[in-house]
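Visitor: pasting the sequence and the predicted coordinates here, then a few questions.
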Amino acid sequence: MKRCLLILLIPLFFAGCVTEVKRLDLNEEVDLSGAWNDTDSRLVAETMVDDVLNRPWIDQYVRKKGKPPTVIVGRVDNLSHEHINTRTFVRDMERALINSGRVDFVASSAERGEVRDEREDQDLHSTETSRNAAGEEQGASFMLQGSIETIIDGNSNEQIRYYQVNLTLISLANNRKVWIGEKKIRKKITNSRLRY
């Protein structure tokens, strides 16, 4: 009898363990936990890009130099209470700025190391006509730096999460801050088992 009951329960057990996957539209806003997510990253990047491209610094630079400014990304620090992949956020910004056609980007210090290694390898192993010489890199005119910070307030079943993203664009020629961007997000999360 126990054996028959076990044989009947095994399929029910495995049916309860089935994983369901549903593909979502990338523009659909989904917020399961209230934590920083892809929607927050995209919305903040769009706001910041729109703001930085519509400020006087860029037109002043183009008038003076006759070419688009070249930007490098410095550090964007995660000073929040949670893990935030700042690289995804930075990539969203870089892509939008480059695709605008108004700004050029150069590789970050971490990316340059690999590129320089490849050039050094080409110097030894590539033909004269296909080799890329050292000393031809384009220097950046501006560095983008910033931080993501949070304030969390809550009780046993409700929480307010406040995110503030601050970005600064600094002239490498004279350390002058030419643009400061700020975006704030405030979320209310209700959950009977909420923890900080």
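Guide: In hand now; what should we look at?
Visitor: count the residues that sit near Pro69.
Guide: 20 (other CB atoms under 10 Å). The C-beta positions use only the backbone N, C-alpha and C, and glycine is treated the same way.
Visitor: any idea how far Arg63 is from it?
Guide: 11 Å (CB to CB, to the nearest Å).
Visitor: how about the contacts made by Ala133?
Guide: 119, 123 (CB atoms under 8 Å, 6 or more residues apart in numbering).
Visitor: pLDDT score for it?
Guide: Listed pLDDT for Ala133 reads 84.
Visitor: ok, the one 5 residues further on next?
Guide: According to the prediction, Gln138 has pLDDT 88.
Visitor: cool, and Pro69?
Guide: If you check Pro69, the pLDDT there is 96.
Visitor: my guess is it meets Phe105, correct?
Guide: No: counting by CB atoms under 8 Å, Pro69 does not reach Phe105; the two are 10.0 Å apart.
Visitor: mind listing the helices for the protein?
Guide: Using DSSP state H, the helices of the chain run over residues 2-16, 38-53, 56-65, 86-100, 109-125.
Visitor: how about those in TSV, adding distance to Phe142, mean pLDDT and mean neighbour count?
Guide: Shown next, in TSV, are these (distance: least, CB to CB, whole Å; pLDDT from 0 to 100; neighbours: other CB atoms under 10 Å):
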stretch	distance to Phe142	mean pLDDT	mean neighbour count
helix 2-16	55	63	9
helix 38-53	10	90	18
helix 56-65	8	95	13
helix 86-100	11	87	17
helix 109-125	15	87	11
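Visitor: looking at those helices, which is nearest to Ile151?
Guide: Among these, helix 38-53 comes nearest to Ile151, with 15.1 Å by CB to CB.
Visitor: hmm, who's touching that closest one?
Guide: Residues outside helix 38-53 that contact it (CB under 8 Å, 6+ apart): 29-31, 58, 88-89, 92-93, 96-97, 100, 102-103, 163, 165, 167, 169, 179, 181, 183, 185.
Visitor: and the spatially most central residue of the chain, how far from Trp36?
Guide: By CA atoms, centre = their mean, the chain has its centre lying nearest to Phe89, at 1.1 Å. From Phe89 across to Trp36, the span is 9 Å (CB to CB).
Visitor: which residues are common contacts for these two?
Guide: Shared contacts of Phe89 and Trp36, defined by CB under 8 Å, 6+ apart, are found at Ile148.
Visitor: on the strand side of things, show who Thr150 bridges to.
Guide: Beta-bridge partners recorded for Thr150 (DSSP bridges): Tyr163.
Visitor: is it true that it touches Ser80?
Guide: Yes: Thr150 lies in contact with Ser80 (CB under 8 Å); the separation is 3.9 Å.
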